[in-house]
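Participant: Give me the fold of what follows.
(one chain, ligands or ions: 1)
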Amino acid sequence: MKSSFFIALMLLGNLIYGQKFENLALTPPMGWNSWNTFKSDINEQLIRDVADAFIRDGYKDSGYEYIIIDDCWSLRERDENGNLVPDPEKFPNGIKALADYVHSKGLKFGIYSDAGTKTCAGYPGSQGHEMQDARLFASWGVDYLKYDWCNTFGRDPEEAYKTMSDAMYAAGRPMVLGICEWGTAEPWKWGKEYGHLWRISGDIAPCFDCVVDHGSYRDWGVMKIVYMRENIRKYSGPDGWNDFDMMEVGNGMTVEEDRSHFSLWCMLATALIMGNDIRSASPETIEILTNEEAIAINQDPLGIQAFKHTNLDSTEVWVKPLDNDEWAVCFLNRKSTPVWVEFDWKQHAFNDPVFSYEVDFSKEKFRLFNIWEGRKAGRTNRPLSAEIASHDVLMFRLEK
Ligand code: GLA
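Facilitator: Just a heads-up that it's a prediction; the model follows:
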């Protein structure tokens, strides 16, 4: 009796206050997004070809699922009923037909809008049209909404994302909500209530450690984003992830840098959203993006973001607790020259200060699996001794 009273109270609460669709992102979302490579140059054929590449090159088999159209898909004005209108030159058959095509491949479809009056590229935003847009997206079969933060002019971020989250819930179709607020209002502290992941930074740039200054804003290299925020890993986990932005793998860095970028994104348990032209990716790029052992570390059900255990000169040692008392360890050489790493496991103990996982290698022994060589690599009773190329990684799963 008592419990049914509380359930009724909860349902009433949800009606009044709204609720997100739960459990849509128990592991970090995986997919592809048009922005990093194509910006406004998007169209129906591109998206269809990307869906085909998902199947042809094994991305779907590796776990990639969402195909997300970013900014610039609509006309510059809403129609006379206030509806968003897909640009008929870019999307001659509309969005629903395209979402149907993506679904016919067993994949999911994502789209983009903005919490302000206009998107970052100046197309109509959803402010004041949240319910109307959420219904439209639901009617098209959208599974994922990336919701940006341009032109919001003092709007309260929590209110803005709650409003869209409530609208999506009321529209009745389960959709992932990607909060793209860039970290200014600390979305890790409130994002999980309304969405499934939240950007922690401004936009990524296809470089290892650079900053691209555009005057009023900056884009950030991979390492800059990795180090942008402190002490936020405690907020990230199943159904609510810190989002380190879409990947730049295949967009001009060296193979070693791409490998490090991908390894870090796996270690950090952030969304794996490809941002390259996967219609024509090189074999090296495909090999990186579809490494199933690396992906398994990203998708580990514990969902714990890695932390830095130590620095050995300029080599960083990142560690990530995994399910079943296993660990992932990533040695990253930040130098522009190769390094020789000596690591005597028995002298080390990993202590996760937030999630309370620990291991002392003087007491426990693990088998090593080298992720990028795809082979067993001895045990932790022997010191590790290996060369790592400039900006490259050595990454292991530690197995019981
Ligand atoms: C912002 C976002 C990017 C992209 C663009 C589109 O900069 O952070 O990821 O969506 O807008 O205009």
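Participant: So which bits of stretch 274-290 are buried?
Facilitator: Neighbour-count burial for stretch 274-290, counted by 16 or more other CB atoms under 10 Å, picks out M274, G275, N276, D277, I278, A281, T285, I286, I288, L289, T290. All C-beta spots, glycine's among them, are computed from the backbone N, C-alpha and C.
Participant: Specify which member of the residues you listed is nearest to the ligand.
Facilitator: Closest approach between the buried residues of stretch 274-290 and the ligand, by CB to the nearest ligand atom: G275, at 9.0 Å.
Participant: on that earlier part again, wait, which of the buried residues of stretch 274-290 is closest to Y147?
Facilitator: Set against Y147, the nearest of the buried residues of stretch 274-290 by CB to CB is G275 (17.9 Å).
Participant: The closest one contacts N36, correct?
Facilitator: Yes - using CB atoms under 8 Å, G275 is in contact with N36, at 3.0 Å.
Participant: For whatever residue of the stretch 301-400 of the chain ends up closest to the ligand, what is the enclosing helix or strand?
Facilitator: Per CB to the nearest ligand atom, Q305 is where the stretch 301-400 of the chain lies closest to the ligand, at 20.5 Å. Using DSSP states H and E, Q305 is not contained in any helix or strand.
Participant: what sits against the spatially closest residue to it that is not a sequence neighbour?
Facilitator: Nearest residue to Q305 in three dimensions, chain neighbours excluded: R233, at 4.0 Å (CB to CB, 6 or more residues apart in numbering). By CB atoms under 8 Å, 6 or more residues apart in numbering, R233 lies in contact with N242, I304, Q305, A306, F307, V354.
Participant: how much space between K234 and G378?
Facilitator: Look at K234 and G378: by CB to CB, to the nearest Å, they are 33 Å apart.
Participant: By mean pLDDT, which helix or strand of the chain comes out lowest?
Facilitator: Taking mean pLDDT, DSSP states H and E as the measure, the chain has helix 2-17 as its least confident helix or strand, at a mean of 52.
Participant: where does the protein dip in pLDDT?
Facilitator: Low-confidence segments of the chain, defined by pLDDT under 70: 1-18.
Participant: For the chain, which residues are neighbours of the ligand?
Facilitator: Listed as neighbours of the ligand in the chain under the rule CB under 6 Å from any ligand atom: W35, D70, D71, T119, C120, A121, D148, C180, D203.
Participant: Right, I'll call it a day here.
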